[in-house]
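Asker: Sequence and predicted structure below; questions after.
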Amino acid sequence: MTDNGLKAEIDRFLGSHCRFDGFIDYVPRDGELWLRTDEKAPAIPEKKWVPAYKFSIMLGDERVGGTDLRIGYAEGLYYGGNIGYNILEKHRGKGYAPRAVKMLAPFLEAHEMTTALITNEIHNSASRRVCEKLHLTFLRQAELPEWTDLYKSGNRFVNIFKWRL
């Protein structure tokens, strides 16, 4: 994709609709799997950070991983994504990450978000499989700009997937 094509794609992302009137209280469940709200982080406009939810992925009373959801659209989120997830090593391979991501849908809907991005490091095949299991649209492999936190932490490329609700 040309630089103009990438700019147009980012502009479309930044122009996506979102409404944030405050955090919602909701405990999503999928059988024994549920999300415990650990933090509701306010926006930090000077850093261009949007409001975010941070959850523990729980299986009954046991924490099996975590997920977070960033509400809104900012250029950094084009590369970093609206949704992140991790599963503790002893619980991997059981399908918890896709189930947890699906449980975020009511939060996206409450904030009138119809699109969310999930990005992953290009060599993270497990994270890519989560996106594929969710039937997300693969947008591109993107080179990270030097100003991003991901670049500063040593990453150079990410896969970008789009979830349309």
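Answerer: Ah, there it is.
Asker: Strands of this structure, start to end?
Answerer: 29-30, 33-41, 52-59, 62-70, 83-87, 115-121, 137-143, 157-164 (DSSP state E).
Asker: low-scoring pLDDT stretches of the protein, where are they?
Answerer: Across the chain, the ranges flagged by pLDDT under 70 are 1-2.
Asker: Check it for its longest helix and report it.
Answerer: helix 3-14 (DSSP state H).
Asker: Which strands or helices does that helix pack on?
Answerer: helix 75-80, strand 137-143 (3 or more CB pairs under 8 Å, 6 or more residues apart in numbering; DSSP states H and E). The C-beta positions use only the backbone N, C-alpha and C, and glycine is treated the same way.
Asker: need the strands of the chain in CSV with distance to residue 4 and mean neighbour count, can you?
Answerer: CSV is the format used below for the strands of the chain (distance: least, CB to CB, whole Å; neighbours: other CB atoms under 10 Å):
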stretch, distance to residue 4, mean neighbour count
strand 29-30, 42, 12
strand 33-41, 34, 16
strand 52-59, 31, 20
strand 62-70, 27, 19
strand 83-87, 28, 20
strand 115-121, 20, 22
strand 137-143, 14, 14
strand 157-164, 17, 19
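Asker: For these, could you give me TSV that also reports distance to residue 95?
Answerer: Below are the strands of the chain laid out as TSV (distance: least, CB to CB, whole Å):
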stretch	distance to residue 95
strand 29-30	10
strand 33-41	9
strand 52-59	11
strand 62-70	11
strand 83-87	10
strand 115-121	16
strand 137-143	20
strand 157-164	17
